[in-house]
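> Kindly generate the corresponding structure for this input.
(chains A and B)
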Protein chains: 2
Amino acid sequence: KRPQELTLAQYVDGILAGDITILSRAVTLIESSLPKHQELAQQIILKCLPHSGSSVRLGITGVPGAGKSTFIEALGLHLIEKGAKLAVLAIDPSSERSKGSILGDKTRMESLSSTPNAYIRPSPSAGSLGGVARKTRETIILCEAAGYNTIFIETVGVGQSETAVHSMVDFFLLILIAGAGDELQGIKRGIMEMADGIAVNKADGQNIQKAQLAKTQYSNALHLFPPTRSGWIPRVETCSSILSEGISNIWDMVEEYMHKTKSNDFFNQNRREQAQYWMYESINEKLKNNFYHNALIKNKIAEIEPLVNSGQISSFEAARELLELYNKQV
Amino acid sequence: KRPQELTLAQYVDGILAGDITILSRAVTLIESSLPKHQELAQQIILKCLPHSGSSVRLGITGVPGAGKSTFIEALGLHLIEKGAKLAVLAIDPSSERSKGSILGDKTRMESLSSTPNAYIRPSPSAGSLGGVARKTRETIILCEAAGYNTIFIETVGVGQSETAVHSMVDFFLLILIAGAGDELQGIKRGIMEMADGIAVNKADGQNIQKAQLAKTQYSNALHLFPPTRSGWIPRVETCSSILSEGISNIWDMVEEYMHKTKSNDFFNQNRREQAQYWMYESINEKLKNNFYHNALIKNKIAEIEPLVNSGQISSFEAARELLELYNKQV
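Numbers count the residues shown, from 1 in each chain, chains lettered A, B, ... in the order given. Model prediction:
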């Protein structure tokens, strides 16, 4: 039997009271493509906005096999023990799913998902990166309004989604493992320079020494990077998620970062810039979608791209012709 | 007295014959904002395209003070001695000019500019990054048609222009100097991961040891980066541009790279992708310009941005309202 429809006030009151069922239903509205649902979702978000913003937003990325789920479980339980209310969200656009599904089911975080103070919500199951990112960012607002003071956003470290995650979190954590030198095989270039911290996971048993060595190497490497805008110097820590060792060091690092960036006002400035970023980003995506989904443009691109590839027409002349065609129509 | 106007055929024949005066005049057409000049420029480019593409395109970046001009002079003279014909171009959008002007005058490359086989063309003096990048990319085509088999594109390493340069060259070289740890002060994060090679310049006199140490450190750091798409492993070399020492090692590295990427076909694939990139990039820039330069949109943004900043309206709701306003007009 279908659940009874709720009014806007019921949604908002339920969320502000921390009702997890109502929160989940509101997130489902956010994820829905029905205009009716979308409209209601926007009204809920508007009412929740004044109650949002006061959490720590932590982005977590790493290659499949780095032990992200286990790490999230270990860090999550540690924080809940200390009194946190934790929401775990994910950005995992369907196009990237084949490369290493995350949070596909909650069974991978069994202890955490059975804890009352944890709310785990898998990635929206379909859509473009832009769409998925929007939904996740809006879900953050609802979770914060519902009293979650710690938000994890997980993503696989192989695609475009790290930039999206990086643009909606306060601290961006990269999970690596020590290995035979190919541990970064799947990580996209540029991600390491986004990281505010690196956790070398699986530092246990025979792996401890290798993990320590990796820590030293990555520390040296990070040291050679240009300074961050936040004034924070990214750090590397080792940990064992399975043994829950070193986990508190990593959270200490996040807290130190929060303290520093709140003192120098980077924290607020960054949050403002992120809000602007998403406004402009979603405008730009929509402008591009309108153009590239236009039927005439699609045909013309199919025709002109091979000429560009083979150097028979310059990139800019091709662009000019396409824009001319588009402007004639609109 | 104004020079006589040339016909399309005269331009093309002159360029293909390597006439440096006619080449310069054609580049001036590319840089002109007059529609008449633009149209003629596009016709010239179209005729030159089949004769372009066979050069080595080298991107060179580094902070002001790293000795880029001296390095370009040393490497350029080395290559010309070996029989090269060299064109030196620059991307230096006016908005970034204050941060460290480059190639502002040829006097900084005195020996090179008096060499018949070198063609030095400063950055177009005004315009958006997109506009400047387009002009530089089109100038590459003309230079190649004029027989220049080596193209340098110089940029300051502090702004947005490295991505533009990276997207139009085969090899991207980062010039650094050894220092007290703040040598990267001005370099934007992410640039190091774009580099196919690093030259630690000013390895002379009392600086040699420091430069060697820096080489080791950067080599170790690069080693920790994920593999490049080209299959090439970026390398670090030291050099002294003033003494012309180590310069040939750096060119050997470029040649090795060219050999490797031509063998594994990354070279051609990359060139095709770059041509596509610029087509899509210039379309996207134009779509955004049309939107953001719209008077009503400008006013609405001025009104709505503070609400987004202060969290009174969500980023996505703001975007929706702006797009609605725009669509009503078009």
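
> For whichever helix or strand A:Ala214 is part of, which helices and strands make contact with it?
Here A:Ala214 sits within helix A:208-224, counting by DSSP states H and E. Using 3 or more C-beta pairs under 8 Å, 6 or more residues apart in numbering or on different chains; DSSP states H and E as the contact criterion, the elements in contact with helix A:208-224 are strand A:171-177, strand A:197-201, strand A:235-238, helix B:208-224. Every C-beta, even on glycine, is put in place using the N, C-alpha and C of the backbone.

> any idea which of these is most buried?
Comparing those on average neighbours per residue, with mean count of other C-beta atoms under 10 Å in any protein chain shown, the densest one is strand A:197-201 at a mean of 26.

> contact partners of it?
Counting by C-beta atoms under 8 Å, 6 or more residues apart in numbering or on different chains, the neighbours of strand A:197-201 from elsewhere in the structure are A:62, A:66-67, A:70-71, A:171-178, A:192, A:211, A:214-215, A:218, A:222, A:234-241, A:246, A:250, A:253-254, A:257.

> make it 7 Å
Strand A:197-201 is contacted from outside by A:66-67, A:71, A:171, A:173-178, A:211, A:214-215, A:218, A:234-239, A:241, A:250, A:253, using C-beta atoms under 7 Å, 6 or more residues apart in numbering or on different chains.

> Now do that strand: distance to the chain's middle.
What separates the centre of strand A:197-201 from the centre of its chain is 17 Å, taken as C-alpha atoms, centre = their mean, to the nearest Å.

> what angle do it and strand A:171-177 make?
Direction vectors for strand A:197-201 and strand A:171-177, defined by axes from the mean of the first three to the mean of the last three C-alpha atoms, to 10 degrees, enclose an angle of 30 degrees.

> Tell me the strands beside strand A:197-201, with direction?
Strands flanking strand A:197-201 in the sheet, each with its direction: strand A:171-177 (parallel), strand A:235-238 (parallel) (DSSP bridges).

> send the alpha carbons of the next helix or strand after the first one over as PDB?
Spelled out, that is strand A:171-177. Using DSSP H and E, the next helix or strand after strand A:171-177 towards the C-terminus is helix A:191-194. Coordinates of each C-alpha in helix A:191-194 appear next as PDB, following Å, rounded to 0.1, in the frame of the first residue of the first chain:
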ATOM      1  CA  ILE A 191      43.200  14.200  -7.800                       C
ATOM      2  CA  MET A 192      46.200  14.100  -5.500                       C
ATOM      3  CA  GLU A 193      46.500  17.800  -5.800                       C
ATOM      4  CA  MET A 194      42.900  18.200  -4.700                       C
END
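
> touching chain B at all, helix A:191-194?
Yes: where contact is defined by C-beta under 7 Å from any C-beta of the partner chain, part of helix A:191-194 touches chain B, namely A:Met192, A:Glu193.

> Enumerate the positions of that helix that are buried.
Residues of helix A:191-194 classed as buried by neighbour count (16 or more other C-beta atoms under 10 Å in any protein chain shown): A:Ile191, A:Met192, A:Glu193, A:Met194.

> How far off centre is that helix?
Averaging C-alpha coordinates over helix A:191-194 and over its chain gives two centres that are 14 Å apart (C-alpha atoms, centre = their mean).

> Many thanks, I have nothing further to ask.
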